[in-house]
Structure formats: C-alpha cells, structure tokens
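Novice: My questions concern the predicted model and sequence given below.
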Amino acid sequence: MQIESVSQISNGISELSHVTQSSTALSQEGTATAEKLAGQAETLKGIIEKFKLKEADQ
C-alpha cells in the first residue's frame, strides 16, 4: 500500500516535470515568434514610410 502511494507520487512528479518542460518550450517558442513578428513589423513600417499620400480636400 505504501509502496503503491510512493509510486503514484513519483509518477505525478514526473508528469508535472514533463508538463513544465513542455510549457517552457512553448513559452520560448512564443517569445521567439513575437520577436520575429516585431522585426517584420518594423521592416514593413520602414517600407510604408516611403510612400507619401496627398491630403484629402475637405
């Protein structure tokens, strides 16, 4: 009975460790994606700034 409980606790801790590692990897992936998108947005901003529009007559 006690061995069974210890085994269940050990399995639970292993599962928590796995979930934590997966979560960390996903977080790092999200951060890298956000940084890439920010760079692309800056590039696009630089391209768009080269265009000048006439002001609309009001």
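Specialist: Looks like it came in fine.
Novice: and the helix or strand encompassing G46, average pLDDT?
Specialist: Per DSSP states H and E, G46 falls inside helix 2-48. In this model, helix 2-48 has a mean pLDDT of 96.
Novice: and that helix, how far from the chain's centre?
Specialist: 7 Å (C-alpha atoms, centre = their mean, to the nearest Å).
Novice: Ok, stretch 40-53 next?
Specialist: 26 Å.
Novice: If you count neighbours, what's buried in that stretch?
Specialist: When burial is assessed from 16 or more other C-beta atoms under 10 Å, stretch 40-53 yields no buried residues. All C-beta atoms are positioned from the backbone trio N, CA, C, and that covers glycine.
Novice: Which residues does that stretch contact?
Specialist: Contacts to stretch 40-53, defined as C-beta atoms under 8 Å, 6 or more residues apart in numbering, come from no residue at all.
Novice: could I get that stretch in PDB with only the CA atoms?
Specialist: In PDB, the C-alpha atoms belonging to stretch 40-53 read as follows (Å, rounded to 0.1, in the frame of the first residue of the first chain):
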ATOM      1  CA  GLN A  40       8.900  42.200 -39.600                       C
ATOM      2  CA  ALA A  41       6.600  44.900 -38.400                       C
ATOM      3  CA  GLU A  42       9.500  47.300 -38.200                       C
ATOM      4  CA  THR A  43      10.600  46.400 -41.700                       C
ATOM      5  CA  LEU A  44       7.100  46.900 -43.000                       C
ATOM      6  CA  LYS A  45       6.800  50.300 -41.200                       C
ATOM      7  CA  GLY A  46      10.100  51.300 -42.900                       C
ATOM      8  CA  ILE A  47       8.700  50.300 -46.300                       C
ATOM      9  CA  ILE A  48       5.400  52.100 -45.800                       C
ATOM     10  CA  GLU A  49       7.000  55.300 -44.600                       C
ATOM     11  CA  LYS A  50       8.500  55.700 -48.100                       C
ATOM     12  CA  PHE A  51       5.000  56.300 -49.600                       C
ATOM     13  CA  LYS A  52       3.500  59.800 -49.400                       C
ATOM     14  CA  LEU A  53      -0.200  60.300 -49.700                       C
END
